[in-house]
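Undergrad: Sequence and computational prediction follow.
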Amino acid sequence: MSEVLLDGAALTAEQVRSVARHGARVIVHEDGLIRASAAHESIRALSAARPVYGRTTGVGANRLVAVEYESSAGPVVLGPEGSVVPGDAAPEPIVRHEPHGLRLLRSHAGGAGPLLDPVSVRAMLTVRANQLAAGGSGVAPHLLTALAEALNRGAIPPVHAFGGIGTGDLPALAVTALCLLGEVPWRGGAMEAVPFDPADALSFISSNAGSIGEAALACADLSELLRASTVITALAFLACDGNSEAYEAVVHLARPHPGQQTVAARLRDLLAGQPVKAARIQDPYSYRAVPQVHGPALDAVVALERTMSIELNAAAENPLVDSVGRRVLHNANFHTAYLGLSLDAMRNALYQTAALSVARLSLLLEPAFTGLAPFLAAGPPGSSGLMILEYVAHSALGALRLHATPTSLATAVVSRGVEEHAPFSSQAARNSLDAVGSYRIVLAAELVAAVRALRMRGTPPVDGPLAEAFAYAAERLPDRLDDRPLDQDVEDAAGLLPALAGFEG
């Protein structure tokens, strides 16, 4: 089993997926523990001397309400806006309640809706542990190792789907804290309760780790699917006797968008040495415009990967502990506009390339392009062949159209008006994961049709990575041509997509 090192500096979306979906073990780097320890010591000292949001004050609209803060010297009495009141000037003692931080965790663990997929929750835990290793939160360093232990034991908190709006996944992380405390049972595994200083409550939950984790899963998956789609396009191209003139380098040097050039180059490499017949002076858009439509999706995922590399390793804490300068800085780094906008752009570009895939599927079912029977049927007259796959693909495309709706067009005003903007990047991340599922169905349907058409024509690719990709798929997809249920074919094809991505080069 592979291992992923959490150091607060170099975590990638692919590594998050490796931990969350494939069970890779996590190891906390010593440097991360050192940074977390330094921040923890700094915040304890600073909180005893000055107001610190969430530690000596309430949160949200309660930010001006002083709360009792326990320092190493005992309880400190706080006056207006969290100012420290000298001992000899203190008013009547404050009536003691359970610590503010504990009440904060309990009150914020209020998510709703269905429980999240364990993979998404594991992604959240991975991201939050790495964020703590970046050393800006001030929470006790043993909480970092506790999260790593939970991941390695297979224990996850019961996180509900609704609660985040892009300014902090507060319910998800609050229930995680209650699991660490032993108040809420873990799912999937067990752990002993760990010490949790109530003063660390806000610092622990003030994070978008859930949204970032789901975005990381979507980013890794979409990057992989886009690579697979180039291979599938090349197979369909051969089955329809496409004209490769549209992919020539000089064409794309004349309009040198990076993604467009990359897609064209990859198609040239895949089709090199293949018996391309060029049956038409120019093809329909679904073949001719692949670089121009697929290229923006490639550029969008590159931009998303760049955003993810920052978000995954950022100490996006409020307040931020500057342990070097011995300061605590109140800020808005928890606001995830960059993440939400990047995800929105990715899904919009993805819809365009998915629409082209559905159009290619239709051409694969058309005798004028393949020279085969309508719908690639092989039975008696009127046989349906792969007719239903066109409906399935359009159904998935319709869902993808809904997923592509920009979430950044919404906002919210909460907490008595003091928090007056929200990017809804939590919804953008969730929509992106849903888009992955829809796009996977679209590509799987095209792959089933392309492999069947090449088999029926008796013209499989010759030599090179495209021939290897075809052989890999053909060995694993049923070769029956009779009318029968095709649901398993699509499921099998979807399972082949990660491996097909490796043939793209």
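TA: Structure's in. What do you need? Nothing here was measured: the structure is a model prediction, and the numbers come from that model. Numbering: from 1, shown residues only.

Undergrad: Check which helices and strands the longest helix that the chain contains sits against.
TA: Across the chain, the longest stretch assigned as helix under DSSP state H is helix 425-457. Helix 425-457 sits against helix 209-239, helix 337-364, helix 367-370, helix 387-403, helix 464-476, helix 487-501, with contacts defined as 3 or more Cβ pairs under 8 Å, 6 or more residues apart in numbering; DSSP states H and E. Where you see a C-beta, it was placed from the backbone N, CA and C, and this is true even at glycine.

Undergrad: and with 7 Å instead?
TA: helix 209-239, helix 337-364, helix 387-403, helix 464-476, helix 487-501 (3 or more Cβ pairs under 7 Å, 6 or more residues apart in numbering; DSSP states H and E).

Undergrad: how distant is it from the center of its chain?
TA: What separates the centre of helix 425-457 from the centre of its chain is 17 Å, taken as Cα atoms, centre = their mean, to the nearest Å.

Undergrad: Number the residues from 49 up from this point.
TA: From this message on, residue numbering opens at 49, which makes the last subject helix 473-505.

Undergrad: any idea which of the helices and strands packed on helix 473-505 is most buried?
TA: helix 257-287 (a mean of 27; mean count of other Cβ atoms under 10 Å).

Undergrad: Give me the contacts around the host helix or strand of residue 352.
TA: Using DSSP states H and E, residue 352 falls within helix 338-359. The contact list for helix 338-359 (Cβ atoms under 7 Å, 6 or more residues apart in numbering) reads 60-61, 260, 263-264, 267, 270-271, 274, 277, 281, 295, 300, 305-308, 310-312, 315, 386-387, 390-391, 393-394, 397-398, 400-401, 404.

Undergrad: Check stretch 178-193 too.
TA: With Cβ under 7 Å, 6+ apart as the criterion, stretch 178-193 contacts 54-56, 59, 76-77, 80-81, 83-88, 90-91, 177, 228, 242, 245, 248, 251-252, 255, 257, 360-363, 365, 368-369, 371.

Undergrad: For the helices and strands packed on helix 473-505, could you give me TSV that also reports distance to residue 475 and mean pLDDT?
TA: Formatted as TSV, these follow (distance: least, Cβ to Cβ, whole Å; pLDDT from 0 to 100):
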stretch	distance to residue 475	mean pLDDT
helix 257-287	9	98
helix 385-412	8	97
helix 435-451	10	97
helix 512-524	35	97
helix 535-549	25	98
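
Undergrad: Quick check: which of those helices is nearest to residue 211?
TA: helix 257-287 (8.6 Å; Cβ to Cβ).

Undergrad: Please compute how far that closest one lies from its chain's middle.
TA: The chain centre lies 12 Å from the centre of helix 257-287; the measure is Cα atoms, centre = their mean.

Undergrad: just the angle between it and helix 338-359, please?
TA: 160 degrees (axes from the mean of the first three to the mean of the last three Cα atoms, to 10 degrees).

Undergrad: for the record, mean pLDDT for the longest helix of the chain?
TA: Mean pLDDT, computed over helix 473-505, is 97.

Undergrad: Next: stretch 156-165.
TA: pLDDT averaged over stretch 156-165 gives 94.

Undergrad: Stretch 102-111 too?
TA: Averaging pLDDT along stretch 102-111 gives 85.

Undergrad: Residue 361 in helix, strand or coil?
TA: At residue 361 the chain is in coil, as set by DSSP: H, G, I helix; E, B strand; the rest coil.

Undergrad: Was I right to think it contacts residue 63?
TA: No - using Cβ atoms under 7 Å, residue 361 makes no contact with residue 63, being 11.0 Å away.

Undergrad: any common contacting residues for these two?
TA: By Cβ under 7 Å, 6+ apart, no residue touches both residue 361 and residue 63.

Undergrad: Would you map out the domains in this structure?
TA: Domains of the chain are assigned by automatic domain parsing as 51-255, 260-549.
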